[in-house]
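In: Fold the following, please.
(4 chains)
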Protein chains: 2
Amino acid sequence: MVTIKDLAAVLKVSPSTVGRALAGDRRISDEMKLKVQHAAEEAGYVANRAARMMRGVSSNLVGLIVPDIRNSFYSTIAHALSRCLLSANYQLTLCETDDDRTLELRHIRELTSVNVAGIILVPSAKPLPEAARLLKMTPHIQLLRKQASLGEQWFGIDDTKAIFEAARHVLELGHRRVAYIGGTGELPTGMARIQGFRDAVAASGAEVEQMEELGAPSSTEFGREAVRRLLERKRPPTALVVGAVQNTLGAIDELNRLGIQVPSQLSIVGFGDELGYRWWGPGLTTVRLPVSELATACGLWFLHQLQNKSQIGLPYSSISPPDLIVRNSAGPPPA
Amino acid sequence: MVTIKDLAAVLKVSPSTVGRALAGDRRISDEMKLKVQHAAEEAGYVANRAARMMRGVSSNLVGLIVPDIRNSFYSTIAHALSRCLLSANYQLTLCETDDDRTLELRHIRELTSVNVAGIILVPSAKPLPEAARLLKMTPHIQLLRKQASLGEQWFGIDDTKAIFEAARHVLELGHRRVAYIGGTGELPTGMARIQGFRDAVAASGAEVEQMEELGAPSSTEFGREAVRRLLERKRPPTALVVGAVQNTLGAIDELNRLGIQVPSQLSIVGFGDELGYRWWGPGLTTVRLPVSELATACGLWFLHQLQNKSQIGLPYSSISPPDLIVRNSAGPPPA
DNA sequence: CTGAAAGCGCTAACAA
DNA sequence: TTGTTAGCGCTTTCAG
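Out: Numbers count the residues shown, from 1 in each chain, chains lettered A, B, ... in the order given. This is a model prediction of the structure:
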């Protein structure tokens, strides 16, 4: 391994001169800079990141903490961020929490210990206080979910509006027995979506029988169960609004299994825009969330922050609008 | 930031004692170890990896290089590896190449310069010689694709068998005009799959009209075009065997668009097992590749390697068997 | 404009 | 069983 000292020896100057020349210090003569750069190239010099980091310079690593990379939301985010950061020569380090706050903390620990330049995270339901403490020492941005304890930098989606639009869609089609299936109010996103549902019902001004099945948003099984429970009711809903991707997957598969006719017997609006939604039954009407755009915006802002260190930690929020994709799984209620 | 020295000061012992206790050195008394561990916990001590790395210890980072994390193959791999490595306290660093060998090289450079413990990669079509040179200095394993120039450690899937089974399935159903859509022979996996197709035709012993549409395996558009071209022939195929996920997605969507009746007009066997394949038309018959299992096996082997440094670089190959999932998209040929 | 020297936090050889 | 000490390669004062 060729070091700065070796170069210095070859050029018969001091190590500090070489270091400064390489760093483009303005006090070094251009002539010297050229000589050093040339010698460095010649010798195949590669700066030792570890040594640099020891001097307090943070690494070119950015931590990305998500619940599960197999979820297309998060893999889309990872992709967009990785592209975005690459342009500024940052690397993405991937951490999965499985929505477990202990794991979350462990990852944050790891990341800070390798001196990451920053952390982008989708926080768990109730982050541990220690996690909040550690994050204070590193530039970080929250994605999708927002936990006040973790700071004021957040990029997210208007969850309330997403479900509001979905619910309004079926209400305008004339449905008066409508069910919402989604995550509990434990996660901020879960809360916001439930709110969207209630708001839409209220805004419709109609007499609506509303039902809610709240559970684990990342469980397909819960989606299945919810559908079964709802359809076993004496007065089952005529329309379903789902507020989580995994729940949607479970729900639509269960509807298939039960042989329900969509939309003649039952209408449904899904969540997210997974591959294959359009192939399901008559094509699944769904709310698309602009995740890729969101992640890119987040990445750009993040880079901006790293460049202008002064602004680090400045409160900033960005809310992206969702998008209703109308296919054929929602129609007028059965007569 | 609390350092080893701080702990030493608190405990009134020397820094090296603390360091050794933390490292579990056998020469330190158990009593002292406990005291140190306790104090470390108390003070929220986190080892400074940069300093450690300067002492020659490699980091706890493992590089994962894949073409595109949004592809479910690769996100499945990332997930499985991340779980696997977590147990040994390694972190995954994600790199996307977009199948561009220049980018691939750049990532390998980055990774080696941060002293990763090792690299797991799905190599691009024709890695640059420089990439091979750099990889020699780091433990590394190839996944799925195998490039001889990058070493002899490889975990992959029996691609030939995968397509062999798919083709045999339709041949046994009686098809005699069969087309293969898939990647060119440029990638080793592409080659192997074409081979599987040809072998199956040969093995059938029947008079078979075989057609091949070879193009970019990661393009949905190519799948679409291939379907269109094949169906425009004077004597179009009665069965399609597809040898790439993205091609499959394009192909089945195009079949939908053209309103082809599957399997009565045309049979098709897809590749991979994407979410939604089972919802497509009559349910897509497809070859499942045990990617998750493969990645886990790879991760375990990798950890094993890192522990037994002696064996690093030992040639090792592992081939996992594919799995034909029979749904209803392949039936007897039209009369 | 350049040089000398002091560490960053940790590990390991050498002492005790 | 523990302490002392000398760096790893780089940046950054402080002196020329």
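In: what sits against A:Gly276?
Out: B:274-277, B:279-280 (Cβ atoms under 8 Å, 6 or more residues apart in numbering or on different chains). To be clear about C-beta, it is placed using only N, CA and C from the backbone, and glycine gets the same treatment.
In: from the chain's centre, how far out does the strand or helix carrying A:Val241 sit?
Out: In the assignment (DSSP states H and E), A:Val241 maps to strand A:239-242. With Cα atoms, centre = their mean, to the nearest Å as the basis, strand A:239-242 stands 24 Å off its chain's centre.
In: where along chain A do the helices fall?
Out: Assigned by DSSP state H, chain A shows helices spanning A:4-11, A:15-23, A:30-43, A:49-54, A:72-86, A:101-113, A:129-136, A:159-172, A:188-204, A:220-232, A:245-258, A:291-307.
In: Indicate which one of the ones you listed is closest to B:Arg49.
Out: helix A:101-113 (5.3 Å; Cβ to Cβ).
In: So stretch A:204-218, near chain B or not?
Out: No - taking Cβ under 8 Å from any Cβ of the partner chain as the criterion, stretch A:204-218 and chain B are apart, separated by no less than 13.4 Å.
In: what about A:Glu172, neighbour count?
Out: Neighbours of A:Glu172 under the rule other Cβ atoms under 10 Å in any protein chain shown: 12.
In: Likewise for the one 4 residues further on?
Out: Other residues near A:Arg176 come to 17 when the count uses other Cβ under 10 Å.
In: Distance of it relative to DNA strand D?
Out: Counting by Cβ to the nearest atom of the strand, to the nearest Å, the separation of A:Arg176 from DNA strand D is 67 Å.
In: do you know which of the helices of chain A lies nearest B:Ala203?
Out: Comparing those by Cβ to Cβ, helix A:245-258 comes nearest, at 36.3 Å.
In: which of the residues in that closest one are buried?
Out: Neighbour-count burial for helix A:245-258 flags A:245-255 (criterion: 16 or more other Cβ atoms under 10 Å in any protein chain shown).
In: Would you pull up the residue in the stretch 151-300 of chain A closest to DNA strand C?
Out: Closest contact between the stretch 151-300 of chain A and DNA strand C, by Cβ to the nearest atom of the strand, is at A:Gly151 (24.0 Å).
In: can you pull the pLDDT of the nearest residue to A:Leu258 once chain neighbours are set aside?
Out: Spatial nearest neighbour of A:Leu258, excluding adjacent residues (Cβ to Cβ, 6 or more residues apart in numbering or on different chains): A:Leu231 at 7.0 Å. Here the pLDDT value assigned to A:Leu231 is 97.
In: Same question for the one 3 residues further on.
Out: What the model reports as pLDDT for A:Lys234 is 96.
In: For A:Asp30, grab the count of nearby residues.
Out: Count around A:Asp30 with other Cβ under 10 Å applied: 8.
In: any residue of stretch A:6-25 up close to chain B?
Out: No - shown here: stretch A:6-25 not in contact with chain B (Cβ under 8 Å from any Cβ), separated by at least 14.3 Å.
In: how much space between the nearest residue to A:Ala43 once chain neighbours are set aside and A:Asn48?
Out: Distance criterion Cβ to Cβ, 6+ apart; nearest residue to A:Ala43, sequence neighbours excluded, is A:Val2 at 4.8 Å. A:Val2 sits 10 Å away from A:Asn48, going by Cβ to Cβ, to the nearest Å.
In: and these two? which has more neighbours close in?
Out: Counted by other Cβ under 10 Å, A:Val2 and A:Asn48 do not tie: A:Asn48 has more neighbours, with 19 against 15.
In: which residues touch A:Arg278?
Out: So A:Arg278 contacts A:284, A:327 (Cβ under 8 Å, 6+ apart).
In: I'd like to know how far it sits from B:Met137.
Out: From A:Arg278 to B:Met137 the distance is 47 Å (Cβ to Cβ).
In: Which of the contacts of A:Gly276 are buried, as a ChimeraX select command?
Out: Applied in ChimeraX, the following selects the buried portion of those according to 16+ other Cβ under 10 Å:
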select /B:274,276,277,279,280
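In: Now tabulate the contacts of A:Gly276 in a markdown table and tack on pLDDT and distance to B:Arg106.
Out: Listed next are these as a markdown table, based on pLDDT from 0 to 100; distance: Cβ to Cβ, whole Å:
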| residue | pLDDT | distance to B:Arg106 |
| --- | --- | --- |
| B:Glu274 | 91 | 30 |
| B:Leu275 | 85 | 32 |
| B:Gly276 | 87 | 34 |
| B:Tyr277 | 94 | 35 |
| B:Trp279 | 91 | 39 |
| B:Trp280 | 94 | 38 |
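In: among the contacts of A:Gly276, which are in reach of DNA strand C?
Out: With Cβ under 7 Å from any atom of the strand as the criterion, these include none near DNA strand C.
In: Adding distance to A:Gly215, write the contacts of A:Gly276 out as CSV.
Out: As requested, the contacts of A:Gly276 are exported to CSV (distance: Cβ to Cβ, whole Å):
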residue, distance to A:Gly215
B:Glu274, 26
B:Leu275, 21
B:Gly276, 23
B:Tyr277, 27
B:Trp279, 23
B:Trp280, 28
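In: Turn the contacts of A:Gly276 into JSON lines, columns for distance to DNA strand D.
Out: JSON lines is the format used below for these (distance: Cβ to the nearest atom of the strand, whole Å):
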{"residue": "B:Glu274", "distance to DNA strand D": "46"}
{"residue": "B:Leu275", "distance to DNA strand D": "47"}
{"residue": "B:Gly276", "distance to DNA strand D": "50"}
{"residue": "B:Tyr277", "distance to DNA strand D": "51"}
{"residue": "B:Trp279", "distance to DNA strand D": "55"}
{"residue": "B:Trp280", "distance to DNA strand D": "55"}
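In: List the ones among the contacts of A:Gly276 that fall in strands.
Out: In this view, these have no member that belongs to strands under DSSP state E.
In: Which one of the contacts of A:Gly276 is nearest to A:Val208?
Out: Using Cβ to Cβ, B:Trp279 comes nearest to A:Val208 of these, at 30.0 Å.
In: Find the nearest non-adjacent residue to the closest residue to chain B within chain A, please.
Out: Residue of chain A nearest chain B, by Cβ to the nearest Cβ: A:Gly276 (1.6 Å). Excluding its sequence neighbours, the residue lying closest to A:Gly276 (Cβ to Cβ, 6+ apart) is B:Gly276, at 1.6 Å.
In: how far away is the one you found from A:Ala131?
Out: In this view, B:Gly276 and A:Ala131 are 36 Å apart by Cβ to Cβ.
In: Please name the bridge partners of the closest residue to A:Arg83 other than its chain neighbours.
Out: Spatially, and ignoring its direct neighbours in sequence, A:Arg83 is nearest to B:Glu96 (7.3 Å; Cβ to Cβ, 6+ apart). The partner list for B:Glu96 in beta bridges (DSSP bridges) reads B:Val66.
In: Which residue is the nearest non-sequential neighbour of A:Asp253?
Out: Using Cβ to Cβ, 6+ apart, the closest residue to A:Asp253 is A:Arg224 (7.0 Å).
In: So that neighbour sits against A:Leu249, correct?
Out: No - A:Arg224 lies out of contact with A:Leu249 (Cβ atoms under 8 Å); the separation is 9.2 Å.
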